[in-house]
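> pasting the sequence and the predicted coordinates here, then a few questions.
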Amino acid sequence: MDMGIRGKRALVCASSKGLGRGCAEALAAEGANLVMNARGAEALEATAQAIRDAHGVEVVTVAADITTEDGRARVLEVAGDVDILVTNAGGPPPGVWSDWGRDDFIRALDANMLTPIELMTALLPGMMARGWGRVVNITSQSVKAPIPQLGLSNAARTGLTGYVAGTARQVAHAGVTINNLLPGIHATDRAQALDGPVAEREGITIEEARARREATIPARRYGTAEEFGAACVFLCSQQAGFIVGQNLLLDGGGTNFTI
Ligand code: NAP
């Protein structure tokens, strides 16, 4: 199916690896030109080159921390007018409720709530003026069902979700949609990094730790960045123009609920 986004310009934040990269690859495969971002310049440029080689699209890169004011300003300056925005950044650290003070919450809110909001504030007016736009925010399954040790993430991402629910309904009349993608466990560096400490604590191998987590997922496996990218590209497609303010969970059935 042609997604109708050939030649569109997409800004994909935090996209040298993992889920952001999955989204960038899938958009490029549909002919979108990319502005890609991550902090580490080397991995970012290597991924950008792999995408140029595979899909023949234009890819520009901006090595910057998207959660800082200066980083966002540099990314937005290079990005210019974009038709598609995918927001993403690393998640806050785990812990327990009694660990976290005001500064921890401010950092988490800055990274995982206010950064995507500021990017939308900057880019929505242009999309609305041109009569077409797509925003996809990468959030987390923790929005549907809290992950106790990720209280900072639960709080910040739920705040973003509330913002999107209202804002998506204020911009839809101009042909602009905003939706969220909620990853469950995916086989990225981050997921693998979480298996390491479990293996160490339990005195088992990383493979055994992964097998235990996979057993908790009805699909009995981790998701892939390719599957995640495919969902992203659909939400960015012409065909998805009537999908507004939704939260799409990609978790292999891991979150046990009815609606
Ligand atoms: P990942 O594999 O660790 O990749 C993270 C990517 O983001 C890298 O390209 C990294 O490059 C970039 N990045 C991180 N912080 C950044 C920043 N401040 N500014 C710019 N780029 C940044 O992580 P992932 O698994 O794809 O996760 C992506 C998001 O989904 C995270 O917020 C994570 O919490 C959330 N999530 C993931 C899962 C999962 O199972 N994978 C589940 C639920 C939620 P640099 O380090 O070079 O900047």
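Thanks, I have it. Residues are numbered from 1 along each chain as shown.
> up against the ligand, what does the stretch 101-250 of the chain have?
Residues of the stretch 101-250 of the chain found near the ligand (CB under 6 Å from any ligand atom) are I138, S140, Q141, P183, I185, H186, T188, D189, R190, A191. C-beta coordinates here come from the backbone N, C-alpha and C atoms, glycine included.
> what residues are up against the third one?
Same thing as Q141. By CB atoms under 8 Å, 6 or more residues apart in numbering, the contact set of Q141 is I147, L182, P183, G184, L249, D251, G254, T255.
> between the residues you listed, identify the one with the most neighbours.
P183 (25 neighbours; other CB atoms under 10 Å).
> which stretches in the stretch 101-250 of the chain count as helices?
Assigned by DSSP state H, counting those that start in this stretch, the helices in the stretch 101-250 of the chain fall at 102-109, 115-130, 151-171, 189-202, 206-215, 225-235.
> can you mark which positions in the fifth one are buried?
In terms of neighbour count (16 or more other CB atoms under 10 Å), helix 206-215 has its buried residues at A209, R210, R213.
> one step back: nearest to the ligand, of the contacts of Q141?
The nearest member of those to the ligand, counting by CB to the nearest ligand atom, is P183 at 4.0 Å.
> residue contacts, the closest one?
Applying CB under 8 Å, 6+ apart, one finds that P183 lies in contact with L19, I138, T139, S140, Q141, G223, F228, L250, D251.
> same deal with Q149?
Contacts of Q149 by CB under 8 Å, 6+ apart are P94, G95, V96.
> and V35, what helix or strand is that in?
Here V35 sits within strand 33-38, counting by DSSP states H and E.
> which parts of that strand are buried?
For strand 33-38, by 16+ other CB under 10 Å, it's N33, L34, V35, M36, N37, A38.
> may I ask which two of those residues are separated the most?
Spanning the widest gap among those are N33 and A38, at 17.7 Å by CB to CB.
> if we can go back for a sec, closest to the ligand among the buried residues of helix 206-215?
R213 (9.9 Å).
> you'd agree the closest one is up against A199?
No - counting by CB atoms under 8 Å, R213 does not reach A199; the two are 10.7 Å apart.
> out of the contacts of Q149, which end up buried?
The neighbour-count test (16+ other CB under 10 Å) marks none of these as buried.
> any low-confidence regions in the protein?
Along the chain, the model assigns pLDDT under 70 to no residue.
> centroid residue for it?
Central residue of the chain (CA atoms, centre = their mean): I138, 2.6 Å from the mean position.
> what about stretch 246-259, start to end distance?
With CA to CA, to the nearest Å as the measure, stretch 246-259 spans 13 Å from end to end.
> who touches it?
Contacts for stretch 246-259 (CB under 8 Å, 6+ apart): 139, 141, 143-145, 161, 179-186, 216-223, 227-228, 231, 235.
> still on that earlier bit, farthest-apart pair in the contacts of Q141, please.
I147 and L249 (13.3 Å).
> which residues does A14 contact?
A14 sits in contact with G20, N37, A38, I66, N88, A89, G90, where contact means CB under 8 Å, 6+ apart.
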